[in-house]
Structures are given as C-alpha cells and as structure tokens.
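1. Got a sequence here, can you build the structure:
(one chain, ligands or ions: 1)
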Amino acid sequence: MFEVNQNYAKLPGSYLFANIGRKVSAYTAANPDKKIIRLGIGDVTQPLTPTVVQALKDASEEMAHAETFHGYPDYEGAAFLRKAIVERDFQPLGVDIGMDEIFVNDGAKSDSSDLSDIFSLNNKVAVCDPVYPVYVNTNAMCGRAGDYDPATERWSNVIYMPCTEGNGFLPELPRETPDIIYLCFPNNPTGMAITRDQLQVWVDYARKVGAVIIYDNAYEAYITEDDVPHSIYECPGAQECAIEMRSFSKNAGFTGVRLGYTVVPKALKSSDGVSLNSMWATHQEMKFNGVSYIIQKAGEAVYTPQGRAETRQLVAFYQKNAAAILSGLTEAGYTCYGGVNSPYIWLKTPNGMGSWEFFDFLLNTANVVGTPGSGFGPSGEGFFRLTAFGSYENILEALDRIKKI
Ligand code: MLT
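-> This next block holds a predicted model:
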C-alpha cells in the first residue's frame, strides 16, 4: 500500500486566503442582499492595460499561423523577455544581472515554494513573523520545518523573527544562525519597507554566516521613498548571497495571467562551491515546461514605453486607494502602518480585539472583508490587513462604513 508525505498532515489548517474565502461565501449565502467589499486577498481588480491586451491578441494571432507558431517555450524564459527584464529592471539601478541569471515563471508563489527543493532538509529557515504563509508552509510540507506546536503556533525547526510595533516591523538579526532567510520588502503583510542601509545589514550578515536570502520583491512597483531599494542587488555583495523573486501580478495586474521571474546570480554558491544558478536551471528543466509564448509577449509589452506608462497609472490608481485608506482610518482613530511603499495597510485592531474577532466584526457590521493579522503568524495577533486593490468608490464606501461602526 502506498504511503503519503506525512508532513502534509502536520499543517495546522488550510491556506489563509482559502479559509477567508469560505467564511465570506458562507456569509454571502446567508445574507444574499448585502454588498460585500473585499479588501482581503491582495488580488488586483483593474483590467489589463491596452498595450498588454494588444500584445496578447497579437501573440495569439501569431500562434494561428504555421510560420509564427510557437511550441514548447524555453525553460528559462524567452530571450526577448529576459532581455527586457535586464535592461529595464536592473540596468537603470546600475545592477549587472545577466540574462542567464533570470528564470521566467508563472508568478512568485510557485518559486517561493519550489526553491526549497534545492536546499538540504537540514537547513534552518528564518522567517519574519508575521509572514506570507507560503514560505513556512511549503518548508513544512517538504519536512524542513519540524513539528507544529498549536500552543505557540510555531514550527520547531523555524527561526521566527518578530516584526512588531517595537522594532518598526523590521526583523532583527536572529540569535540562532539560519541557513535560509526569507525576506519580503516592501513587506506582505505589514506594508512596511526596508531602507537600502537596513537591507545591507542583512546582506552583510548572510555573507558572514553563509546563509542565502530569498528576497520576495513582488511589491517593488509601490516604492515611493528614495532610500528604499528597488532590488536587493543594489546592496554590494548581494549577488553572492541572495535570490530575488519578482512578479507581474501587483504592478501590471497579472494575477490571473500568471507571470513572474526569479533571479539566481551565478556568483551565488553553496558552502561546498555548488552553483545555485546551475541547480535552479536543472530544477526548471526537470520540473517546469516554461511560460506560454503569449503570456511572455504580454510581459514584454509591460516594458515598452507605452506599457510602462500604463503600468505606472495602474499602480498610481492603487496607491491613491492606499493613501485614502491610510488617512481615512487614521482620522477614524485607528493606528495604521504601511500603505506608503505598499498596497497593504496594517492596522491595529480596536479595543484589544483579536484579529479573527475583528474579521468577524467587520464582516458582520460593515460587510468589509480584510485579512486577520494572526493568519500571518503569532506576532500578527491584534493586527489586521486591508488591501488597496479595490475600486476607489468601494474603498471610500468601506471607510464610511468602518467610521460608522
Ligand atoms: C496576499 O494577499 O497576501 C497575496 O496576494 C496572496 C498571494 O499572492 O498568494
């Protein structure tokens, strides 16, 4: 009789956003006349931009003709897209990343999970707390996280780095030495950013202790402040210790299209000299058949002058929402963080309410959906995340309803 991977049984529950979806569906079924405003999952709501739509149409048309038809894509991504990425995302920063260090994927989530395949199960993982749950759960699923303790809501073999009001929601260097450090800035869920100098401390630390940083940079487009880095590779030495993940989801609205990329620099080597770039190339060849030509052409269009202008407008739309949430809630007496370099606002629940208690309260009284902070880890308890990914009118209506409760 076959046996299954027992690590799955150790997971304490299902995916946070699936849980929220179920709760909201139950509420909607019981209250069909209520208008729910969803500011929970960070899913974009604006349509794709005209330049992207045209590229999708043109690429589809190419597929209809034998001379321009494309079969299996390249495992690492099309050269035209990797060239645009290098030229637009890194060269303007003065960062020298080669096309053969870019691996195109279907969005940051899969790679943030799959990257754990190339590291030893003996490696110790460090994560921020609160944290995007995928980092921890996927390490747990492959057996690297140890055992889950429901009392502390922590895994025995994971180093948690609390990000609290006390430390400005920035992790401190851990006492116990990690091998793999997950960092996400601008941060999901707190919406807080890290400065170049602060990130340099992590790069220097990782090099000193021989750790690798997995840097989730999915929210880069929302950076507004000059001292916030647009890539970890702006920090000298980062190419020797960091992998960076980017996504087209939150900037170009590709959550439903699916496109992202991971940078694995050639200078990044394990303690015994193995190149992570070669290992990741092998991983992709063995486990991935690339991203469809049509979608990669849409990604290339994002980097054209017109595509870039449209993307900036899209991001500005959500930034305006974020500013409205931040000022509206602050006026209403809430203590809020994030929202300046990020589409996420991290607010303190009122009157010491628990995160899930506030979730239910907000759903029932204001018909507004957000994400309970504790769903991102124990240090998220007492906090709540709202996203700016709605329509401006709905955001104003949500604020109005929240002010009245
Ligand atoms: C979030 O809401 O935290 C993310 O958008 C969810 C995801 O990307 O999986």
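2. gap between the closest residue to Ser275 other than its chain neighbours and the ligand?
-> Of all residues not flanking Ser275 in the chain, Lys269 sits nearest, at 5.8 Å (C-beta to C-beta, 6 or more residues apart in numbering). C-beta: built from backbone N, CA, C; applies to glycine. Distance from Lys269 to the ligand, counting by C-beta to the nearest ligand atom, to the nearest Å: 30 Å.
3. What about Lys269, how many residues nearby?
-> 16 (other C-beta atoms under 10 Å).
4. Provide a list of residues in contact with it.
-> The contact partners of Lys269, by C-beta atoms under 8 Å, 6 or more residues apart in numbering, come to Glu240, Ser275, Leu276.
5. buried subset of those residues?
-> Buried subset of the contacts of Lys269 (neighbour count, 16 or more other C-beta atoms under 10 Å): Leu276.
6. Let's see which of the contacts of Lys269 end up in strands.
-> Among those, no residue falls in strands (DSSP state E).
7. Dump the contacts of Lys269 into a markdown table; add distance to Val264 and pLDDT as well.
-> Output for those, formatted as a markdown table (distance: C-beta to C-beta, whole Å; pLDDT from 0 to 100):
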| residue | distance to Val264 | pLDDT |
| --- | --- | --- |
| Glu240 | 12 | 98 |
| Ser275 | 9 | 96 |
| Leu276 | 5 | 98 |
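8. As CSV, the contacts of Lys269 with distance to Val212 would be great.
-> Output for the contacts of Lys269, formatted as CSV (distance: C-beta to C-beta, whole Å):
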residue, distance to Val212
Glu240, 10
Ser275, 12
Leu276, 7
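9. and the residue of the stretch 1-150 of the chain nearest the ligand?
-> Sorted by distance to the ligand under C-beta to the nearest ligand atom, the residues of the stretch 1-150 of the chain start with Gly42, at 3.1 Å.
10. Near that residue, how many residues? Count them for me, please.
-> Gly42: 23 neighbours (other C-beta under 10 Å).
11. Can you tell me the SS state at it?
-> coil (DSSP: H, G, I helix; E, B strand; the rest coil).
12. For it, list the residues it contacts.
-> Counting by C-beta under 8 Å, 6+ apart, Gly42 has contacts Asn188, Lys250, Pro343, Tyr344, Thr387, Phe389.
13. What is the neighbour count of the residue nearest to the third one when sequence neighbours are not counted?
-> Using C-beta to C-beta, 6+ apart and skipping residues adjacent in sequence, the residue nearest Pro343 is Ala388, 4.2 Å away. Residues within reach of Ala388, counting by other C-beta under 10 Å, total 28.
14. I figured Ala388 was touching Gly339, is that so?
-> Yes - if you go by C-beta atoms under 8 Å, Ala388 and Gly339 touch, sitting 7.3 Å apart.
15. Please enumerate the shared neighbours of those two.
-> Contacts common to Ala388 and Gly339, judged by C-beta under 8 Å, 6+ apart, are Ala322, Ile325, Ile345.
16. The first one looks like it's in a helix, true?
-> Right, the one you point to is Ala322. Yes - according to three-state DSSP, Ala322 belongs to a helix.
17. So it versus the ligand, what's the distance?
-> In terms of C-beta to the nearest ligand atom, Ala322 sits 14 Å off from the ligand.
18. what do you get for the last one?
-> Separation of Ile345 from the ligand (C-beta to the nearest ligand atom): 13 Å.
19. near the ligand, which residues of the stretch 51-200 of the chain?
-> Lys109, Tyr132, Asn188 (C-beta under 6 Å from any ligand atom).
20. list the helices and strands the helix-or-strand element of the chain with minimal mean pLDDT packs on?
-> Least confident element among the helices and strands of the chain, by mean pLDDT, DSSP states H and E: helix 108-114 (a mean of 92). Under the contact definition 3 or more C-beta pairs under 8 Å, 6 or more residues apart in numbering; DSSP states H and E, helix 108-114 sits against helix 133-141, strand 212-216, strand 242-247, strand 260-263.
21. Looking at these, which one is packed in the most?
-> strand 242-247 (a mean of 26; mean count of other C-beta atoms under 10 Å).
22. ranges for the helices of the chain?
-> In the chain, the helices defined using DSSP state H lie at 16-30, 50-63, 79-85, 108-114, 133-141, 196-209, 249-252, 276-287, 293-302, 305-331, 355-366, 392-404.
23. what does the last one contact?
-> Where contact means C-beta under 8 Å, 6+ apart, the residues beyond helix 392-404 that reach it are 37, 39, 317, 320-321, 324-325, 328-329, 331-332, 362, 365-368, 386, 388, 390.
24. Now do the contacts for the residue nearest to Lys109 when sequence neighbours are not counted.
-> Nearest residue to Lys109 in three dimensions, chain neighbours excluded: Val134, at 5.9 Å (C-beta to C-beta, 6+ apart). Val134 sits next to Lys109, Ser112, Ser113 when contact means C-beta under 8 Å, 6+ apart.
25. possible to save those as TSV with neighbour count?
-> Output for the contacts of Val134, formatted as TSV (neighbours: other C-beta atoms under 10 Å):
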residue	neighbour count
Lys109	19
Ser112	24
Ser113	16
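26. Mind putting these into CSV with distance to Asp74?
-> Below are these laid out as CSV (distance: C-beta to C-beta, whole Å):
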residue, distance to Asp74
Lys109, 21
Ser112, 22
Ser113, 22
